[in-house]
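Asks: Sharing a model that was predicted from the sequence below.
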Amino acid sequence: MKSIKFDEGYKEYAINDDPSRVIRIRVADIGLLDRVKKASADMEKLFAKYKNAPDLDEMSAFDKEFRELLNTAFGSDICTPVFGNSSVMSLTSSGNYLFSEFMNAFLPVLEADIKAAVMTQKINAPEIRPEVKKYVDAPTVKPLAGLAKPYGEQLPDVSGLSEEQKKALLAQLLS
């Protein structure tokens, strides 16, 4: 059987430096943020539902529902590598819930990687954005006289930048 290979946009994260515990997430998936926001709202409801759940059956139900929400948000089973067979409500040595420790560690890293993916997309694909394309396609465009005055008579010299650097600068300025 032939295999078709292409970049699917996955970012891999090893859990606690263990190469056998890896989660894969498409950080540039435009639906990811919406799914995470929905899961977050659903988790608030879940926390309220099981707020006073000393019963083992209720704790087990919380674990199952929490895992479903998290896996759905990220589009794959991330709970098995992260939590294994342990309940997400297990307490850590710091006294916090296991799911809380994971979320506190993972969300800032994920947020930074999503921002980096968005900036990379803007930089690497300026031809997709019409407001960038008109400037990139016309390298001989002269600045309007009115725009030059706020910066004095001397505009910054970008002639030493490569084409890629110029596109990246333009994407940053227009975003």
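Replies: Thanks, I have it.
Asks: alpha carbons only for contacts and neighbour counts from here, please
Replies: Will do.
Asks: Can you tell me the element the spatially most central residue of the chain falls in?
Replies: Averaging the C-alpha coordinates of the chain gives a centre point, and the residue nearest to it by Cα atoms, centre = their mean is I114 (2.7 Å). Secondary structure from DSSP states H and E places I114 in helix 98-124.
Asks: Pull out the buried positions in stretch 18-31.
Replies: Going by neighbour count (16 or more other Cα atoms under 10 Å), the buried part of stretch 18-31 is 21-29.
Asks: Any chance of a markdown table for those, columns pLDDT, distance to P108 and secondary structure?
Replies: Converted to a markdown table, the buried residues of stretch 18-31 look like this (pLDDT from 0 to 100; distance: Cα to Cα, whole Å; DSSP: H, G, I helix; E, B strand; the rest coil):
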| residue | pLDDT | distance to P108 | secondary structure |
| --- | --- | --- | --- |
| R21 | 97 | 19 | strand |
| V22 | 96 | 17 | strand |
| I23 | 96 | 16 | strand |
| R24 | 95 | 16 | strand |
| I25 | 93 | 14 | strand |
| R26 | 91 | 16 | strand |
| V27 | 88 | 13 | coil |
| A28 | 84 | 15 | coil |
| D29 | 88 | 17 | coil |
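Asks: where along the protein do the strands fall?
Replies: For the chain, the strands identified by DSSP state E occupy 10-15, 18-26, in order along the chain.
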